[in-house]
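**Student:** Provided below are the primary sequence and the corresponding predicted coordinates.
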Amino acid sequence: MKAHTAYLKFHTDKRIEFVNITKEVERVVQESGVTDGLCLVNPMHITAAIYVNDAESGIIEDYKELLEKLAPYKHEYHHHQTGEDNGAAHLWRQLMGHQVTVPITDGKIDFGTWEQIFYAEFDGQRTKRVLVKVIGK
């Protein structure tokens, strides 16, 4: 059994940003030497999410609209009483998903049609890390 860990770093220009990280994750899988196994991708931050979906700009805008309807960014959350202003970012992360695990077959991520891995940042404009953990044989 092999195990390989890598950390990707991102600095987003906007507070809310969606970044396609598929190529970076594929690079880590290739570097791992694992030909059959699993790849875990975790944002390591409580105001960011990792998800798998289509790399189409319309769906990203749809996500933003849905999240804003479910948990408006300007709402006065109880969390804000601690001096923070990112209550929505915490909720959006839970709605979008904490992390993903994707299969590795023949040394490559075994995606379905159109699937891509995204890092969703909801409280950005600073450097953040993403953990990529590959295990298998």
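**Tutor:** That came in fine, so what should we check first?

**Student:** what helix or strand is the residue nearest the centre of the chain on?
**Tutor:** Nearest to the geometric centre of the chain sits I50, at 2.1 Å (Cα atoms, centre = their mean). According to DSSP states H and E, I50 maps onto strand 48-54.

**Student:** one more: R93?
**Tutor:** R93 belongs to helix 87-96 when assigned by DSSP H and E.

**Student:** same question, H75
**Tutor:** Short version, using DSSP H and E: H75 is in no helix or strand.

**Student:** surely it and G87 touch.
**Tutor:** Yes: assessed by Cβ atoms under 8 Å, H75 is found in contact with G87 at 7.0 Å. C-beta here means a position set from N, CA and C on the backbone, and glycine is covered the same way.

**Student:** tell me which of those two has more neighbours.
**Tutor:** A count of neighbours by other Cβ atoms under 10 Å puts G87 above the other of H75 and G87, at 21 against 11.

**Student:** what's the closest non-adjacent residue to the more buried one?
**Tutor:** Y77 (2.8 Å; Cβ to Cβ, 6 or more residues apart in numbering).

**Student:** circling back: which elements pack onto the following helix or strand past the helix holding R93?
**Tutor:** Helices and strands here follow DSSP H and E; after helix 87-96, the next one along the chain is strand 100-105. Here strand 100-105 touches strand 36-42, strand 48-54, going by 3 or more Cβ pairs under 8 Å, 6 or more residues apart in numbering; DSSP states H and E.

**Student:** each with direction, which strands does strand 100-105 pair with?
**Tutor:** Within its sheet, and counting by DSSP bridges, strand 100-105 is paired with strand 36-42 (antiparallel), strand 108-109 (antiparallel).
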